[in-house]
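Student: Based on what follows, work out the 3D shape:
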Amino acid sequence: MPQLPAPDYPADVRARLEADGKEIVARYPDSRSALLPLLHLVQAEEGYVSRTGMAFCADLLELTTAEVTAVATFYSMYRRKPSGDYQVGVCTNTLCAVMGGDAIFEELKEHLAVGNNETTDDGKVTLEHIECNAACDFAPVVMVNWEFFDNQTPATAKRLVDDLRAGRPVEPTRGAPMCTYKETARILAGFPDERPGAVAATGGAGPASLAGLRLAKGETPGARVVHPRGEGASGDGPRGEPQPGAQHLSSHDAPQQTSASDPAHPAGPAAEEGE
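Tutor: Now for the predicted structure:
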């Protein structure tokens, strides 16, 4: 049987979304170009792109629902079913996988009792594997609502999701402070982040990402960016145990001694820049 037409938003919700939607459409010379941010807008309302949300976008842009659906189903950032407050993505592409990403993903599935693209019973965390987080120099990487948590291990990743579910504050290794998935979607729709200090906290590329650029410019290599996983960073103990006064970049960031995904082939020492 064919599906019935999607129900409309309640009148007050539709009025609010129309006002925001018209502001988005006004940014573009061709209204159709506003479809991507409009999909983020309706995702910010419900936490995913529902049939109601797609019908709203189609009405506002004078498109067919088929045209909107084709776009909404193409991009993985648009969720097709209700999701948690925190979208936890584990990179399982080649470098992250061999550095421990596969092990992190498997242990998180067991720890949270969910599969890929499934949400915990409390509605807090949706877990998914991601092919690439574009942060290979910080592998293995976990993203929460598109904010980076670098150099993760199974233990630090499990502590991260436990803190998210318990409502305890967490800080990304790089980028803005954490917010919910709906709040993230509204920012991606092009509306300003109103949280004090959030924009200034986004920062830029990490030092490991800039090492090649410095070498290309002929600059003298600086200090070691990544320390061997079997050793500590400056101020750390001989096996990576933090010493008093030593801090990692993130409260959930910790070195691991070898690749957790392949114990028979541990990760070797990191080379100095330029070697």
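
Student: rest of the way, CA atoms for contacts and neighbours
Tutor: Fine.

Student: I'd like the average pLDDT over stretch 197-206.
Tutor: For stretch 197-206, mean pLDDT rounds to 69.

Student: quick one: the strands in the stretch 51-200 of the chain?
Tutor: 86-91, 118-119, 125-130, 142-144, 147-149 (DSSP state E, counting those that start in this stretch).

Student: Check the spacing between the residue nearest the centre of the chain and residue 86 real quick.
Tutor: Centroid check for the chain by Cα atoms, centre = their mean gives residue 146 as the closest residue, at 2.3 Å. Between residue 146 and residue 86 the computed distance is 10 Å (Cα to Cα, to the nearest Å).

Student: which residues are common contacts for these two?
Tutor: Common contacts of residue 146 and residue 86, defined by Cα atoms under 8 Å, 6 or more residues apart in numbering, are absent altogether.

Student: still on that earlier bit, what residues does the residue nearest to the centre of the chain make contact with?
Tutor: Counted by Cα under 8 Å, 6+ apart, residue 146 has contacts residue 87.

Student: do that again at 10 Å, thanks
Tutor: Residues near residue 146 by Cα atoms under 10 Å, 6 or more residues apart in numbering: 77, 86, 87, 88, 89, 133, 172, 175, 176, 178, 181, 184.

Student: Please verify my assumption that the fourth one contacts residue 133.
Tutor: No. Using Cα atoms under 10 Å, residue 88 is not in contact with residue 133, being 11.7 Å away.

Student: between those two, which one's more packed in?
Tutor: residue 88 (26 against 21; other Cα atoms under 10 Å).

Student: List the contacts of the more buried one.
Tutor: Residue 88 neighbours (Cα under 10 Å, 6+ apart): 108, 117, 119, 125-130, 142-147, 157, 160-161, 164.

Student: What's opposite it in the beta bridge?
Tutor: Note on residue 88: beta-bridge partners by DSSP bridges are residue 127, residue 144.

Student: just to revisit the earlier point, please enumerate the shared neighbours of residue 88 and residue 133.
Tutor: 142, 143, 146, 147.

Student: Any buried residues in the longest helix along the chain, and which?
Tutor: Ranked by number of residues, the top helix in the chain under DSSP state H is helix 11-25. Neighbour counts using 16 or more other Cα atoms under 10 Å place 17, 21, 24, 25 of helix 11-25 among the buried residues.

Student: Could you dump the residues you listed into a markdown table with pLDDT added?
Tutor: Putting the buried residues of helix 11-25 into a markdown table (pLDDT from 0 to 100) gives the following:
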| residue | pLDDT |
| --- | --- |
| 17 | 96 |
| 21 | 95 |
| 24 | 96 |
| 25 | 95 |
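
Student: Report the two of the contacts of residue 146 separated the most.
Tutor: 77 and 172 (19.3 Å; Cα to Cα).

Student: and the two? which has more neighbours close in?
Tutor: residue 172 (21 against 14).

Student: Share the number of residues neighbouring the residue nearest to residue 108 when sequence neighbours are not counted, please.
Tutor: Computed as Cα to Cα, 6 or more residues apart in numbering, the closest residue to residue 108 that is not its neighbour in sequence is residue 158, at 6.4 Å. Using other Cα under 10 Å, residue 158 has 20 neighbouring residues.

Student: Do a quick rundown of the helices in the stretch 51-200 of the chain.
Tutor: Secondary structure of the stretch 51-200 of the chain, counting by DSSP state H, counting those that start in this stretch: helices at 51-61, 65-72, 94-96, 102-112, 154-166, 181-188.

Student: Cool, thanks, talk later.
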